[in-house]
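Peer 1: predicted model follows, preceded by the sequence.
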Amino acid sequence: MKQKALYLVLALGLLSAQPAAAQSKIGLHAIGANAAFVSPENLDGAFGLGVFADLGRITPEIGLEPVIEFWSRSDDQFGIETTLRDVSVGMRGKYYFEVANPKIRPFAGAGLGLHFLHAETSVSVPGFGNLNGSGSDTKLGLDLGGGLSTTLNPKNDLQAEAWYGIVSDVNQFALRVGISHKLNM
């Protein structure tokens, strides 16, 4: 009896998955690049760069976007030079809201990313030269944000976004502007 129930559950699961697979349009649909103003917690702002891809929709409203982003901040105070860098690799899901104007697509999103953090410090000590120290760490971060995407022309879209990354010891707020280029599929 248990075996028949298991087969019934599996059959129902497969039958219900077919319409969902028919609705999803997963594949490489567009690639893009962005520039950002990043404000890490307890640090001055930094300039950032990123690349992303549009992998399509898992439902008509939810799109997938892998991202790779970089920012670096250097400071020199009282003879102490410090540099902090963050390279993040992640995946975001974006929920696109239905609006009357199809050219403007507002969205809210969330995602996870690995942040490869690197810090360097250099102190110039008269008579001893430079004393250097560095450290690296990898942390998991949660991204929460939103923005809008609008059509520039049939092949290119403009995106304006605001994201808050919750990363242990290096929380960061970022304002991004980017352009994506649609690929022929």
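Peer 2: Received, thanks. Numbers count the residues shown, from 1 in each chain.
Peer 1: you'd agree Gly113 is up against Val87?
Peer 2: No. Using Cβ atoms under 8 Å, Gly113 is not in contact with Val87; the gap is 10.0 Å. All C-beta spots, glycine's among them, are computed from the backbone N, C-alpha and C.
Peer 1: neighbour count winner among those two?
Peer 2: Gly113 (23 against 16; other Cβ atoms under 10 Å).
Peer 1: can you name the residues bridging to Ala53?
Peer 2: Ile31 (DSSP bridges).
Peer 1: isn't it up against Pro66?
Peer 2: Yes. Between Ala53 and Pro66 there is a contact under Cβ under 8 Å: 5.4 Å.
Peer 1: after the top strand by length along the chain, next one along is what?
Peer 2: If you go by DSSP state E, the chain has its longest strand at strand 129-153. As assigned by DSSP states H and E, the chain's next helix or strand after strand 129-153 is strand 156-167.
Peer 1: now that next one: buried residues?
Peer 2: Asp157, Gln159, Glu161, Trp163, Gly165, Val167 (16 or more other Cβ atoms under 10 Å).
Peer 1: tell me the neighbouring strands of it, and mark each as parallel or antiparallel.
Peer 2: Counting by DSSP bridges, strand 156-167 is paired with strand 129-153 (antiparallel), strand 172-182 (antiparallel).
Peer 1: the residue lying closest to Asp137 once chain neighbours are set aside: helix or strand, and which one exactly?
Peer 2: Leaving aside its chain neighbours, Asp137 sits nearest to Leu117 (4.9 Å; criterion: Cβ to Cβ, 6 or more residues apart in numbering). Counting by DSSP H and E, the element that carries Leu117 is strand 104-125.
Peer 1: and that strand, what other elements does it pack with?
Peer 2: strand 62-77, strand 80-96, strand 129-153, strand 156-167 (3 or more Cβ pairs under 8 Å, 6 or more residues apart in numbering; DSSP states H and E).
Peer 1: show the model's pLDDT score for Ser124.
Peer 2: Ser124 is assigned a predicted lDDT (pLDDT) of 80.
Peer 1: and the helices and strands packed on strand 104-125 as JSON lines, adding distance to Pro102?
Peer 2: JSON lines is the format used below for these (distance: least, Cβ to Cβ, whole Å):
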{"stretch": "strand 62-77", "distance to Pro102": "15"}
{"stretch": "strand 80-96", "distance to Pro102": "11"}
{"stretch": "strand 129-153", "distance to Pro102": "8"}
{"stretch": "strand 156-167", "distance to Pro102": "12"}
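Peer 1: which of the ones you listed sits closest to Asp44?
Peer 2: Between Asp44 and the helices and strands packed on strand 104-125, the tightest spacing by Cβ to Cβ is seen for strand 62-77, at 6.7 Å.
Peer 1: what about the residue nearest to the spatial centre of the chain, distance to Arg57?
Peer 2: Against the mean C-alpha coordinate of the chain, by Cα atoms, centre = their mean, the closest residue is Val67 at 4.5 Å. From Val67 over to Arg57 the distance is 17 Å, taken as Cβ to Cβ, to the nearest Å.
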